[in-house]
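> mind looking at a prediction? Sequence and model below.
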Amino acid sequence: MVSVLTLNFELATLQDLPRVVAIYNQSIPGRLATADLEPVSVASRQAWFAAFDPSRRPLWLMKENGNDVGWVGLEDFYGRPAYSHTAEISIYIDQHHHHEHFGQQALTYVFAQLPRLELQALVAFVFAHNQPSLGLFAKNGFAEWGLLPGVAELDGQRRSLAILGRRFD
């Protein structure tokens, strides 16, 4: 039997941005979760962070026993009013906490928040070679809504981007 640790979710504050960035930067060398090729700075992510709105598009820190083990955020999709009931979801887990089912807990938590946030659909952009993330989203009812073949180049290899989505209405 697998023991699953229970997480707490807290709205991220500007003081949390260095930790959010540190967790994000951990994902860059693996070439699975982001198209950034070099670490990003806290300063470069301030405008991005400021776009999160706790009442509409929150960014939550995932905490286990008071330690930040990841984050999950919802961002506007495509920036046009007709898409106001759709958000893009991003989940990043600290590298020391992979395979602890925190991604699943993040999705379960976010799904429970959707009525309050007036969201009817979520989209996720996932590299087509990122099997762990594809599996997590598929297990949670997401389907492939599109594929952008060979749109990214990572270390000399062209990589495709899957567009995953799920409706909640």
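Cool, the structure landed.

> quick one: the strands in this protein, in order.
With strands called from DSSP state E, the chain shows them at 8-11, 59-64, 67-76, 86-93, 121-127, 143-154, 157-167.

> out of those strands, flag the one nearest residue 112.
Relative to residue 112, the nearest member of the strands of the chain by CB to CB is strand 8-11, separated by 9.8 Å. For every residue, glycine as well, the C-beta is placed using N, CA and C.

> for residue 27, which of the strands of the chain is the nearest?
Proximity to residue 27 (CB to CB) singles out strand 86-93 among those, at 5.9 Å.

> tell me the angle the longest helix along the chain makes with strand 86-93.
Longest helix in the chain by number of residues, with DSSP state H as the criterion: helix 102-117. Interaxial angle of helix 102-117 relative to strand 86-93 (axes from the mean of the first three to the mean of the last three CA atoms, to 10 degrees): 150 degrees.

> name the helices or strands packed onto helix 102-117?
Using 3 or more CB pairs under 8 Å, 6 or more residues apart in numbering; DSSP states H and E as the contact criterion, the elements in contact with helix 102-117 are strand 59-64, strand 67-76, strand 86-93, helix 131-139.

> want to throw the ones you listed into CSV with distance to residue 23, mean neighbour count and mean pLDDT?
Formatted as CSV, these follow (distance: least, CB to CB, whole Å; neighbours: other CB atoms under 10 Å; pLDDT from 0 to 100):
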stretch, distance to residue 23, mean neighbour count, mean pLDDT
strand 59-64, 9, 21, 97
strand 67-76, 6, 20, 97
strand 86-93, 5, 20, 98
helix 131-139, 15, 16, 98
